[in-house]
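Asker: sequence and predicted model, in that order:
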Amino acid sequence: MLRKFHSISAWLATLLLLVLTLSGALLSLAPAIERSSAELAASQQLNVAELADRIAQHYPQVEQIERRPSGGILVYYQQANEAKVDWVSPATGQALAPYQASAFFRWLKNLHRSFLLDTPGRLAAGAGAFMMLVLSVSGTLLLARQQGGIHHLLRPLAGSGSKRWHAELARVALLGLLLSALTGLYLSTVTFELLPEGTQADPEPPQISLPLTPPTPIAPIVSLAALQATPVSELEELIYPYPNDPTDVYSLRTHQGASFVNPYSGEQLAYQAHDKPHGVYALITKLHTGEGLWWLGLWLGLSALAVPVLAVTGLQTWWQRRKAMPKLLTNSQAKAADTVILVGSEANSTWGFARTLHDALTAAGHAVHTAPMNSVAAHYPQAKQLLVLTATYGDGDAPASADHFLSRLRAINQLPIARFAVLGFGDQQFCHFCRFAEEVDTALLARGGESLLALETIDRQSAQTFARWGTRLGEALGHELVLEHKGVRVPTTRLQLVDRVDYDVNSDTPTSVLRFAAMPNSRPAWRRLWRSARLPHFAAGDLVGIYAPHSTVARLYSLACASSDGVLEICVRKHAGGECSSFLHHLQLGEPIDVFIQPHPTFRPLLGDTPLILVGAGTGIGPLVGFIRNNQQHRPIHLYWGGRDPQADFLYETELQGYLADGRLTQLHAAFSRVGDRSYVQHRITANSEPLQALIAAGAQVLVCGGRNMATSVAEALDQLLAPLELNVQTLKTAGRYREDVY
Ligand SMILES: Cc1cc2nc3c(=O)[nH]c(=O)nc-3n(C[C@H](O)[C@H](O)[C@H](O)COP(=O)(O)O)c2cc1C
């Protein structure tokens with residue numbers, strides 16, 4: 001829902017925002033250009049009397065002095081009965097250059113404020129500022145969700161292509177865009193008098209009586225006390241008395257207020273301060289335009305320039321997601337359907353299964369409506385059965401297209417369709433296999449639903465299990481149903497094996513560390529002209545999906561390095577009958593594999609320098625080594641790892657010794673199950689209870705990677721040692737300080 005909302009708002013706002021941001025970016029140059037044509041430094045220490053005295057040496061017929069927000073000084077004067085304006089040097093009072101207001105910038109300002117129209121244009125500009133605010137906030141929430149929480153917003157981003165560019169750029173430009181949007185919205189509300197602009201002080205001109213008769217000439221301006229007491233940095237404008245009127249006075253406007261100055265005595269008359277709302281208005285105008293804050297102007301301008309790029313990359317991401325969703329040519333209307341299929345998916349493969357089911361049911365004569373789970377309606381008047389197909393993500397959580405399903409269901413008075421069947425898609429590698437599907441099944445039963453078929457789960461997109469479920473569904477519906485699903489491979493990058501280290505080679509289950517690099521000639525020649533082959537972007541702990549030859553189902557492996565390390569590294573144990581692990585173990589140097597990256601943002605070290613306790617067994621060491629390798633800031637890292645025999649499978653032993661020596665690893669506690677005291681990693685944890693208690697009390701984060709049994713034993717051992725601290729694994733998990741990557 002959030003993604004859809006973000007996409008629709010983006011479409012509506014794109015055109016509006018392109019005009020607003022491009023004109024805003026150009027306008028942001030104005031303060032810096034003006035600043036470069038004015039001379040400023042000397043003006044900061046002067047008072048207005050001194051400045052006016054210097055100017056008087058060169059401009060006998062001066063009428064007005066103005067200090068621009070940039071700090072430059074303008075002088076308005078008469079020459080040969082012609083009104084003129086010059087930039088002057090505050091240091092000497094001499095002319096720098098004639099002043100010419102830029103017609104281009106005036107036009108641009110009108111375009112930016114009102115699209116060169118009147119009230120409708122101003123309304124559109126206000127709406128544009130509002131859309132920018134909405135997009136900035138919804139985009140931040142999306143990013144926070146992708147990164148595993150708002151406090152992880154600054155973590156390195158995973159993914160590649162336009163999606164990654166979009167997120168990366170949005171993160172950089174976010175503050176500038178938020179500031180522009182909020183201040184722009186405020187200025188719009190002031191334009192439409194929804195908020196007060198405040199008033200600039202405008203005191204009544206005083207009547208002065210002449211000190212002497214016949215009239216004496218007015219005092220030299222440098223001697224006027226009120227002007228001496230006003231620093232130039234406070235000045236907005238000084239208007240001189242009319243030369244032929246001996247009763248006229250100086251009119252002085254500063255940032256704080258307005259007053260008059262007696263030209264004979266130098267006394268300040270009728271001072272009036274600007275009101276508070278005006279102060280707020282002036283400050284917000286300054287923050288929006290960057291006038292007087294040229295660096296802020298340039299920063300806002302650069303942030304605004306990000307908007308067209310965000311529009312293009314956002315559009316590409318939207319298009320790619322749309323393309324990945326199957327086209328359902330025969331999708332019935334929700335109100336006319338007798339069968340409703342709701343889909344929970346993050347990376348879209350479940351949509352492929354939904355389409356196979358949709359087509360088969362349609363061919364069998366059903367009117368089928370297929371939609372994302374988040375679009376569940378309160379009422380389907382004709383529907384007789386609801387079929388829910390959903391994946392599970394994160395730590396047993398809902399995928400993107402289903403993250404509001406359970407709350408929607410709670411808000412609906414009566415279950416929209418009584419008969420239902422849930423089919424869960426997941427991966428046994430993960431700790432909570434198909435847990436979200438279980439939750440959905442339980443929730444539907446609790447709401448009084450009637451199970452058409454018991455919950456079924458599908459491991460790693462098995463087409464066979466899907467076909468068997470289809471047969472049973474057909475029986476429940478009273479007709480034959482054949483589900484022949486042909487998996488669709490997601491787009492991949494081709495890499496080649498460049499290095500391998502093999503361990504335990506004499507056993508049936510050897511382990512290898514495999515390193516891959518980009519395949520130089522994997523791209524068409526015309527694309528190689530502008531970009532050479534390179535690795536996709538990933539961080540240690542992300543997952544890489546690898547297709548064995550002729551397989552449409554990818555196997556996921558945890559990454560032992562980041563793309564900035566220049567290779568893609570995984571640690572693989574060969575399993576009896578494991579198609580992908582056997583393929584990888586037989587791979588020769590130079591041979592290719594096809595991969596894609598699945599970000600795993602929740603399995604990462606928290607930012608900062610708090611200690612890390614890394615726990616793993618067997619190949620679970622992969623991502624943990626990646627975290628240690630990238631520990632350039634030398635935060636304390638304590639590694640607990642379990643293997644079988646140090647002579648045969650001490651994975652990464654040489655690297656780990658190097659990391660201990662250079663300070664990237666603080667302590668290494670290895671346990672071996674087939675030699676010596678035949679211990680497991682949880683035994684090392686229990687034996688080190690006290691130092692571990694101290695580390696966790698100091699805020700340490702625990703990251704566990706490896707088999708499910710190991711993870712359970714480690715959690716039990718940690719629960720025991722945490723009890724005296726009145727903590728347990730669950731509370732650490734809730735605080736994001738205990739993360740697992742378990743298979
Ligand atoms: C980061 C990540 C986390 C996952 N978490 C789980 C999980 O907790 N439980 C599970 O059974 N499957 C999990 N999976 C596997 C997916 O549910 C499974 O691959 C599913 O078929 C994906 O469907 P989709 O392509 O429609 O999103 C996870 C996959 C990824 C990439």
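Answerer: Yes, it's here. Numbering: from 1, shown residues only.

Asker: CA atoms only: put stretch 354-372 into CSV for me.
Answerer: Extracted in CSV, the C-alpha atoms of stretch 354-372 (Å, rounded to 0.1, in the frame of the first residue of the first chain):
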residue,chain,number,x,y,z
ALA,A,354,-0.8,-17.2,-8.8
ARG,A,355,-1.0,-16.7,-12.6
THR,A,356,-0.7,-20.5,-13.2
LEU,A,357,-3.5,-21.1,-10.7
HIS,A,358,-5.6,-18.2,-12.1
ASP,A,359,-5.3,-19.5,-15.7
ALA,A,360,-6.1,-23.1,-14.7
LEU,A,361,-9.2,-22.1,-12.6
THR,A,362,-10.4,-19.8,-15.4
ALA,A,363,-10.0,-22.6,-17.9
ALA,A,364,-12.1,-24.8,-15.6
GLY,A,365,-14.9,-22.2,-15.8
HIS,A,366,-14.4,-20.1,-12.7
ALA,A,367,-14.6,-16.3,-12.7
VAL,A,368,-11.3,-15.5,-10.9
HIS,A,369,-10.2,-12.3,-9.4
THR,A,370,-6.5,-12.1,-8.5
ALA,A,371,-5.1,-9.2,-6.4
PRO,A,372,-2.4,-8.3,-3.8
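
Asker: any buried residues in it, and which?
Answerer: Using 16 or more other CB atoms under 10 Å as the test for burial, stretch 354-372 gives 354-362, 366-372. All C-beta atoms are positioned from the backbone trio N, CA, C, and that covers glycine.

Asker: what does the chain put close to the ligand?
Answerer: When proximity is defined as CB under 6 Å from any ligand atom, the chain approaches the ligand at 345-350, 391-394, 396, 399, 425-427, 430, 432-434, 461, 543, 598, 600.

Asker: so which of these sit within strands?
Answerer: Among the residues of the chain next to the ligand, the residues falling in strands (DSSP state E) are 391, 425-426, 543, 598.

Asker: the residue lying closest to Gly365 once chain neighbours are set aside and the ligand, how far apart?
Answerer: Nearest non-adjacent residue to Gly365, counting by CB to CB, 6 or more residues apart in numbering: His479, 8.0 Å away. According to CB to the nearest ligand atom, to the nearest Å, His479 and the ligand sit 27 Å apart.

Asker: end-to-end on stretch 69-78?
Answerer: 24 Å (CA to CA, to the nearest Å).

Asker: in it, what's buried?
Answerer: Quick answer for stretch 69-78 (16+ other CB under 10 Å): 69-77.

Asker: hmm, back to that, how near is the residue nearest to Gly365 to Thr356?
Answerer: 16 Å (CB to CB, to the nearest Å).

Asker: hang on, the earlier thing: who wins for most neighbours among the ones in strands among the residues of the chain next to the ligand?
Answerer: Ala391 (28 neighbours; other CB atoms under 10 Å).

Asker: got a list of what it touches?
Answerer: Residues near Ala391 by CB atoms under 8 Å, 6 or more residues apart in numbering: 344-347, 349-350, 399, 424-426, 436.

Asker: of the residues you listed, the lowest pLDDT goes to which?
Answerer: Minimum pLDDT for those is recorded at Ala347 (77).

Asker: tell me the mean pLDDT for the one helix or strand Leu639 maps to?
Answerer: Per DSSP states H and E, Leu639 falls inside strand 637-643. On average, the pLDDT along strand 637-643 is 96.

Asker: and for stretch 108-125?
Answerer: 86.

Asker: other residues contacting that stretch?
Answerer: Contacts for stretch 108-125 (CB under 8 Å, 6+ apart): 16, 19-20, 23-24, 26-27, 107, 184, 188, 191-192.

Asker: could you redo the last one with a cut-off of 6 Å?
Answerer: Outside stretch 108-125, the residues that touch it by CB atoms under 6 Å, 6 or more residues apart in numbering are 23-24, 26-27, 191.

Asker: ok, and the most crowded of the residues you listed?
Answerer: Going by other CB under 10 Å, Gly24 tops the contacts of stretch 108-125 with 26 neighbours.

Asker: in three-state terms, label that one for me.
Answerer: helix (DSSP: H, G, I helix; E, B strand; the rest coil).

Asker: for it, which non-adjacent residue is closest in space?
Answerer: Nearest to Gly24 is Ala304, by CB to CB, 6+ apart, at 4.6 Å.

Asker: just give me the neighbour total for the residue nearest to Gly365.
Answerer: 12.

Asker: wasn't it part of a helix?
Answerer: No - per three-state DSSP, His479 lies outside any helix segment and is coil.

Asker: Arg68 versus that one, what's the distance?
Answerer: 81 Å.

Asker: returning to that earlier point: what does the residue nearest to Gly24 show for phi and psi?
Answerer: Phi and psi for Ala304, reported as degrees, to the nearest 10, are phi -60, psi -40.

Asker: could you pull up the residues touching it?
Answerer: If you count contacts by CB under 6 Å, 6+ apart, Ala304 has them with 21, 24-25.

Asker: need those residues in TSV (columns: pLDDT and distance to Phe466).
Answerer: Shown next, in TSV, are those (pLDDT from 0 to 100; distance: CB to CB, whole Å):
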residue	pLDDT	distance to Phe466
Thr21	84	47
Gly24	84	52
Ala25	84	52
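
Asker: and which of those residues is nearest Val222?
Answerer: Gly24 (42.5 Å; CB to CB).

Asker: look up how far Asp441 lies from the closest one.
Answerer: On the measure of CB to CB, Gly24 and Asp441 end up 51 Å apart.

Asker: same question, Val422
Answerer: On the measure of CB to CB, Val422 and Asp441 end up 4 Å apart.

Asker: same deal with Leu287?
Answerer: Where Asp441 is concerned, Leu287 sits at a distance of 53 Å (CB to CB).

Asker: which of those two has more neighbours?
Answerer: Neighbour totals were compared for Leu287 and Asp441, and Asp441 leads with 23 against 19 (other CB under 10 Å).

Asker: OK, contacts around that one?
Answerer: With CB under 6 Å, 6+ apart, Asp441 has these contacts: 422, 455.

Asker: SS state for it?
Answerer: Going by three-state DSSP: Asp441 is helix.

Asker: and Pro263, how many neighbours?
Answerer: For Pro263, using other CB under 10 Å, the count is 20.

Asker: check contacts around the residue of the chain found nearest the ligand.
Answerer: Proximity to the ligand, evaluated over the chain using CB to the nearest ligand atom, is greatest for Gly426 at 2.2 Å. Residues counted as contacts of Gly426 (CB under 6 Å, 6+ apart) are 392, 433-434.

Asker: let's have those residues in CSV, adding distance to Leu315 and neighbour count.
Answerer: Listed next are these as CSV, based on distance: CB to CB, whole Å; neighbours: other CB atoms under 10 Å:
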residue, distance to Leu315, neighbour count
Thr392, 30, 27
Phe433, 36, 17
Cys434, 34, 26
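
Asker: save the residues you listed as TSV, and put in distance to Pro605 and pLDDT too.
Answerer: Listed next are the contacts of Gly426 as TSV, based on distance: CB to CB, whole Å; pLDDT from 0 to 100:
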residue	distance to Pro605	pLDDT
Thr392	24	95
Phe433	26	91
Cys434	28	96
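
Asker: report the two of the ones in strands among the residues of the chain next to the ligand separated the most.
Answerer: Phe425 and Leu543 (16.0 Å).

Asker: count of residues packed around Pro196?
Answerer: Counted with other CB under 10 Å, Pro196 comes out at 14.

Asker: gap between it and Lys276?
Answerer: With distances taken as CB to CB, Pro196 is found 9 Å from Lys276.

Asker: helix, strand or coil for the closest residue to Trp87 other than its chain neighbours?
Answerer: Distances taken as CB to CB, 6+ apart put Leu96 closest to Trp87, at 4.2 Å, once the chain neighbours are dropped. Look at Leu96: counting by three-state DSSP, its state is strand.

Asker: ok, back up a step: make CSV out of the contacts of Ala391 and add distance to His575.
Answerer: Shown next, in CSV, are the contacts of Ala391 (distance: CB to CB, whole Å):
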residue, distance to His575
Gly344, 29
Ser345, 28
Glu346, 26
Ala347, 24
Ser349, 23
Thr350, 26
Pro399, 27
Gly424, 23
Phe425, 22
Gly426, 19
Phe436, 27
